[in-house]
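K.L.:
I would like to see how this sequence folds:
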Amino acid sequence: QVQLAESGGGVVQAGGSLRLSCVASTDTFSAYAFGWFQEPPGKERDLVVGVSWKGDKTYTADSVKGRFTIIRDNAKNTVYLQMNNLKPEDTAVYYCAASLYATGSRSTRYDFWGQGTQVFVSS
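P.N.:
Numbers count the residues shown, from 1 in each chain. Down below sits the predicted model:
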């Protein structure tokens, strides 16, 4: 079992940057793959970035490629979502999710979820 807590959401102007944090309450942080999901208003939740449990593989959705990066810090039990050059269409609730010994790709089944953090990008 792992509990996830996201933070760092807020309001930002288009073109700006924001860093979201996800702290995992577990003694086995390094055994988990992590993903950040984006749920825009009225749309489905979708994976935008993921990182494998070993940290050797990452996934990035085409819509955020070159702008979003996932970073894991095993020493701090934290995974970050660095978002640059934000666009109004990035407005969404962002969720952190975890999966044991997984690749962090689109085929990964994520078993643990945070409560989400809201990001609003103004034009």
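K.L.:
from here on, contacts and neighbour counts on C-alpha atoms
P.N.:
OK.
K.L.:
Spatially central residue for this protein, please.
P.N.:
W36 (2.2 Å; CA atoms, centre = their mean).
K.L.:
That one: which element?
P.N.:
strand 32-39 (DSSP states H and E).
K.L.:
Listing partners with orientation, what would you give for that strand?
P.N.:
Here strand 32-39 has these sheet partners by DSSP bridges: strand 46-51 (antiparallel), strand 92-100 (antiparallel).
K.L.:
Tabulate the ones you listed (CSV), appending distance to S25 and mean pLDDT.
P.N.:
CSV is the format used below for those (distance: least, CA to CA, whole Å; pLDDT from 0 to 100):
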stretch, distance to S25, mean pLDDT
strand 46-51, 18, 97
strand 92-100, 11, 97
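K.L.:
Turn these into JSON lines, including mean neighbour count.
P.N.:
Shown next, in JSON lines, are the strands paired with strand 32-39 (neighbours: other CA atoms under 10 Å):
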{"stretch": "strand 46-51", "mean neighbour count": "24"}
{"stretch": "strand 92-100", "mean neighbour count": "25"}
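K.L.:
okay if I get those strands as TSV plus distance to G8?
P.N.:
What follows is these, written out as TSV (distance: least, CA to CA, whole Å):
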stretch	distance to G8
strand 46-51	17
strand 92-100	10
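K.L.:
Verify the stated contact: F112 with S99.
P.N.:
Yes - assessed by CA atoms under 8 Å, F112 is found in contact with S99 at 6.7 Å.
K.L.:
Quick one: closest of the strands paired with strand 32-39 to S7.
P.N.:
Of all those, strand 92-100 sits nearest to S7, with 9.6 Å by CA to CA.
K.L.:
could you point out which element follows that closest one?
P.N.:
strand 112-113.
K.L.:
who does that next one touch, helix- and strand-wise?
P.N.:
strand 3-7, strand 92-100 (3 or more CA pairs under 8 Å, 6 or more residues apart in numbering; DSSP states H and E).
K.L.:
contact partners of that strand?
P.N.:
With contact meaning CA atoms under 8 Å, 6 or more residues apart in numbering, strand 112-113 is reached by Q1, V2, Q3, L4, Y95, C96, A97, A98, S99.
K.L.:
swap in stretch 4-17?
P.N.:
With CA under 8 Å, 6+ apart, stretch 4-17 has contacts from 18-25, 82-88, 95-97, 112-123.
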